[in-house]
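J.: Sequence and predicted structure below; questions after.
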There are 2 protein chains.
Amino acid sequence: MKAEIIAVGSELLLGQITNSNARYLSEKMTEVGVDVYFHTAVGDNRERLLSVLDVAVSRSDLIILTGGLGPTKDDLTRETVADFIGKSVVMHPESLAHLESYFQKSGRPMTENNKKQAAIIEGAEVFPNRNGLACGMAVNFKKTFILLPGPPKELEPMVEKEVLPYLSVLTGSENVISSRVLRFFGIGESRLAEEIDDLIENQNNPTIAPLASDGEVTLRLTAKGDPEQNILLLDSLEEKIMSRAGTFFYGYDNSSLTGVTAEALSKRLQTVACAESLTGGRFGSMLTSVPGSSSFYKGGVICYDAKVKQTVLKVSEETFSKHGTVSARCAEELAVNVRSLMNSTVGISFTGVAGPDDLEGKEPGSVFIGIADESGTAVKELSLAGSRRTIRERAVKFGCWYLLKHIISDETTKE
Amino acid sequence: MKAEIIAVGSELLLGQITNSNARYLSEKMTEVGVDVYFHTAVGDNRERLLSVLDVAVSRSDLIILTGGLGPTKDDLTRETVADFIGKSVVMHPESLAHLESYFQKSGRPMTENNKKQAAIIEGAEVFPNRNGLACGMAVNFKKTFILLPGPPKELEPMVEKEVLPYLSVLTGSENVISSRVLRFFGIGESRLAEEIDDLIENQNNPTIAPLASDGEVTLRLTAKGDPEQNILLLDSLEEKIMSRAGTFFYGYDNSSLTGVTAEALSKRLQTVACAESLTGGRFGSMLTSVPGSSSFYKGGVICYDAKVKQTVLKVSEETFSKHGTVSARCAEELAVNVRSLMNSTVGISFTGVAGPDDLEGKEPGSVFIGIADESGTAVKELSLAGSRRTIRERAVKFGCWYLLKHIISDETTKE
């Protein structure tokens, strides 16, 4: 079934709010096997909404409208859709009772225009609103129109409790959509795409959708059909992909590099301490964003000033004079010394040039990450591109990635 | 000028990501007097994108497309728009050079499909991408088409630096929109609104738009008319607002609490060091996000583990036994000791409970921030609401606000 989502509200077009309902509804529709092909946002304007409906009925079987069911004059979704399909708007007794009891409870007077929120398109199936005043509805006239309230806290429960059951009757279960997201780090989108070029080229069911963001790449595998069959299809495609790019894989769906690393540390009862020059505390901040991080994160030293590297982390005079602070040698000493200072299983260090200016004759993007444990020390050298912010963010993610690789492998990951 | 925004990307229709670019662009267009009448999202599908373009040119003068400029096969915005207006796609030498230097720098091989990102529609005005690979562009053919990269980190700077100047030429200057944003911290939106109740009530030109986000409140003042007249109108309204809420004001437009604090420190040649328990390095990370931060930021100790507070920051045994780590006394010692350890003008400390669980019998949101300098120590106690993440973020912002107030005032800001 082809569907589209139409959000009604001038506040969207003024940029006052984000159309989060479109994302939520798309996710839910995908889960129940409804293909969403278009999102539209239009203002509180009768003519423009009619023109959008004209286009929608020409291309979609299911048209979901959000917003414009409120009490004020500019709320005109219900009335406009009714006119569009040539039906009248009638009062819905149960919803009116719901309204009256609400205002009675709240002690506020119910104004005439509030009654609008209990009005429905004649013949519509009504979706009661347990978290607000305006009821939702579904009405069929050649195509199926579903009208939902704009506020997410009203819309989302209504979708779960009313709309999805209503749709499952329309769609049936033979073409359910099953999605699986594979998350990768340390490989660019274009290179990953090339690794699985033929799989993308010949994709059909499941489909493969690559997406790059914040230095990570995800592949969304989507199968359509019988639920159990879908799992088998996804498993076999995943296996093919893993055999080529598995070394860069770190997790599924909504997992994060931080979360996966935190889990790996906890599971192995290992602890980490960090020495942060380049990253200025960002690595520690990221690890401690995980609830319960005190079980695996001891702490760190933000050794931004060179003197702090010497006084607090005891980097040797020789290292400074011979190698400088932006060097593999300095990264190594920082990792080793912060580990012993804080008595952790693993020590990790970040030193480098975030920019905009060069430092010690090294360009922005020049980064050294040290990882030390009882068995030894490994130093990774990176040359990162981008803004100061990007360089710092990427360095932290690479540090997390190296740490993860280090703790899940037996020997230190020297390269 | 009538405009609409078309987002291209199947991930939007699968509900994988929210179309935040539409909100951002709408806000910016509104600021420069461009009326946005429609948002559309369409998948990575040539035919459907063509059908959307058909509708768009029939109703809009300016069509802004986002996404689909990447290197993979499913990125087809550039090519589809070119076909739609009957122009060819050509390689853009400067952008290609930018690509090549990026890959040279990052040490990653540049694949054939990467070159796509340096291709443009013939005759287009090119918008360089300072934060990514795909260049943006504007091309005129009866209507104006603007193509922008999907990632907000790339799109937003490109809009500020390239697109808005480009549009100001198109829109003309007789009724220019002049905006000024006043930024406040430490006061809630509703209280600020009350302070200037009458000004909001009688607003006309300039208009006043309050907005609360991330614990800050901004007032956007917008005047419409002759540019010079606008400045005078904005000045006089700003004066009225400042006389009532000036103590909570910290900066204009895109300035940030961090940036303003960094500037204040540099100007006074003061340095700061931080002891971070609750915030886990977030405060240091925030200060060091400012270019040149090494001039005012010495470093810090992320004293997450209690032992680290004792061994590295010498918090007294008595403080632990009598007051605990989440206490004013501990915050005071941490601030004093990190200051002397790192030899900075000011020392600041964060200790508290981020949650989700209670700590030492104290609830999540209980926060102590210590500020120490040669003249003494001040401790602020906060009780913050919200998630673990919100509590940590707010604590860091309050710390920054207290630090700013402290260094711009002569005496320590005891309360």
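T.: Done, it's in. This structure is a prediction, so every number in the text was calculated from the model and none was measured. Numbering: from 1, shown residues only, chains lettered A, B, ... in the order given.
J.: For A:Y252, list each beta-bridge partner.
T.: Taking DSSP bridges as the rule, A:Y252 bridges to A:L182.
J.: Hmm, it is touching A:S179, no?
T.: No. With contact defined as C-beta atoms under 8 Å, A:Y252 does not reach A:S179; the gap is 10.6 Å. For every residue, glycine as well, the C-beta is placed using N, CA and C.
J.: neighbour count winner among the two?
T.: The neighbour comparison of A:Y252 against A:S179 (other C-beta atoms under 10 Å in any protein chain shown) goes to A:S179, with 21 against 13.
J.: Per-residue confidence, the more buried one, what does it come out as?
T.: Predicted confidence (pLDDT) for A:S179: 83.
J.: Next: the one 4 residues further on.
T.: The pLDDT attached to A:R183 in the predicted structure is 97.
J.: Over to A:R220?
T.: Looking at A:R220, its pLDDT is 87.
J.: Now do the contacts for it.
T.: Neighbouring residues of A:R220 by C-beta atoms under 8 Å, 6 or more residues apart in numbering or on different chains: A:S179, A:R180, A:V181, A:I208, A:A209, A:L211, B:E11, B:L14, B:Q16.
J.: Same question for A:P356.
T.: Under the criterion of C-beta under 8 Å, 6+ apart, the neighbours of A:P356 are A:P364, A:R388, B:P291.
J.: three-state assignment of it?
T.: Classification of A:P356 using DSSP: H, G, I helix; E, B strand; the rest coil returns coil.
J.: May I have the secondary structure class of the residue nearest the centre of chain A?
T.: Nearest to the geometric centre of chain A sits A:N254, at 6.9 Å (C-alpha atoms, centre = their mean). Under three-state DSSP, A:N254 falls in the coil class.
J.: Might one say that A:M91 is in contact with A:K115?
T.: Yes. Contact status for A:M91 versus A:K115: in contact at 7.2 Å, counting by C-beta under 8 Å.
J.: which stretches of the stretch 1-150 of chain A form helices?
T.: Secondary structure of the stretch 1-150 of chain A (DSSP state H, counting those that start in this stretch): helices located at A:10-13, A:20-31, A:46-57, A:77-84, A:93-106.
J.: Which other helices and strands does the third one contact?
T.: It stands for helix A:46-57. Helices and strands touching helix A:46-57, by 3 or more C-beta pairs under 8 Å, 6 or more residues apart in numbering or on different chains; DSSP states H and E, are strand A:2-8, strand A:35-42, strand A:62-66, helix A:77-84, strand B:35-42.
J.: count of neighbours near the closest residue to A:T18 other than its chain neighbours?
T.: Leaving out its chain neighbours, the residue that sits closest to A:T18 by C-beta to C-beta, 6 or more residues apart in numbering or on different chains is B:R23, at 4.4 Å. Residues contacting B:R23 under the criterion other C-beta under 10 Å number 23.
J.: how near is B:R23 to A:M1?
T.: 29 Å (C-beta to C-beta, to the nearest Å).
J.: check whether stretch A:187-205 contacts chain B.
T.: Yes. Using C-beta under 8 Å from any C-beta of the partner chain, we find that stretch A:187-205 touches chain B at A:G188, A:E189, A:S190, A:R191, A:A193, A:E194, A:I200, A:E201.
J.: so A:S60 makes contact with A:Y37?
T.: Yes. Contact criterion C-beta under 8 Å: A:S60 and A:Y37 qualify, at 6.8 Å.
J.: the more surrounded of the two?
T.: Shown here are A:S60 and A:Y37; by other C-beta under 10 Å, A:S60 has more neighbours (21 against 18).
J.: In contact with the closest residue in space to the more buried one that isn't next to it in sequence, which residues?
T.: The spatial neighbour of A:S60 that comes closest, neighbours along the chain excluded (C-beta to C-beta, 6+ apart), is A:E4 at 4.5 Å. Each residue near A:E4 by C-beta under 8 Å, 6+ apart is listed here: A:V36, A:Y37, A:F38, A:H39, A:T40, A:A56, A:R59, A:S60, A:L62, A:I63, A:I64.
J.: what's the closest non-adjacent residue to the fifth one?
T.: In other words, A:T40. Ranked by C-beta to C-beta, 6+ apart and with sequence neighbours excluded, the top spatial neighbour of A:T40 is A:I6, at 4.8 Å.
J.: And A:E79, by the same measure?
T.: Leaving aside its sequence neighbours, A:E79 sits nearest to A:V89 (C-beta to C-beta, 6+ apart; 5.9 Å).
J.: Read off the pLDDT value for that neighbour.
T.: With respect to pLDDT, A:V89 scores 96.
J.: hang on, it packs against A:A119?
T.: Yes. A:V89 lies in contact with A:A119 (C-beta under 8 Å); the separation is 5.0 Å.
J.: so where's chain A uncertain?
T.: Within chain A, the segments meeting pLDDT under 70 span A:172-175, A:410-415.
J.: domain ranges for it?
T.: Under the assignment automatic domain parsing, the domains of chain A span A:2-171, A:176-252, A:257-414.
J.: contacting residues for A:L49?
T.: Here A:L49 is in contact with A:I6, A:V8, A:V42, A:G68, A:L76, A:T77, A:T80 (C-beta under 8 Å, 6+ apart).
J.: how close does it get to B:G376?
T.: Per C-beta to C-beta, A:L49 is found 64 Å from B:G376.
J.: Could you tell me how many residues sit around A:P291?
T.: A:P291: 14 neighbours (other C-beta under 10 Å).
J.: Correct me if wrong, but it is in a helix.
T.: No. The assignment for A:P291 (three-state DSSP) gives coil, which keeps it out of a helix.
J.: Now that it has come up, it's in contact with B:R388, right?
T.: Yes. Using C-beta under 8 Å, A:P291 is in contact with B:R388, at 6.0 Å.
J.: Let me see the contact set for the residue of the stretch 51-200 of chain A found nearest chain B.
T.: The nearest approach of the stretch 51-200 of chain A to chain B comes at A:S190, 4.3 Å away (C-beta to the nearest C-beta). A:S190 makes contact with B:P71, B:T72, B:T111, B:N113, B:N114, according to C-beta under 8 Å, 6+ apart.
J.: Tell me the backbone dihedrals of the third one, please.
T.: In this case it means B:T111. When quoted as degrees, to the nearest 10, the phi and psi of B:T111 stand at phi -90, psi 160.
J.: Kindly report the same for A:G33.
T.: phi 80, psi 20.
J.: Kindly report the same for A:R180.
T.: When quoted as degrees, to the nearest 10, the phi and psi of A:R180 stand at phi -140, psi 130.
J.: Can you give me the neighbour number for it?
T.: A:R180, neighbours per other C-beta under 10 Å, totals 18.
J.: That one is in contact with A:D253, isn't it?
T.: Yes. Between A:R180 and A:D253 a contact is recorded at 7.0 Å, counting by C-beta under 8 Å.
J.: still on that earlier bit, for the residue nearest to A:T40, which residues make a bridge with it?
T.: As for beta bridges, A:I6 partners with A:T40, A:L65 under DSSP bridges.
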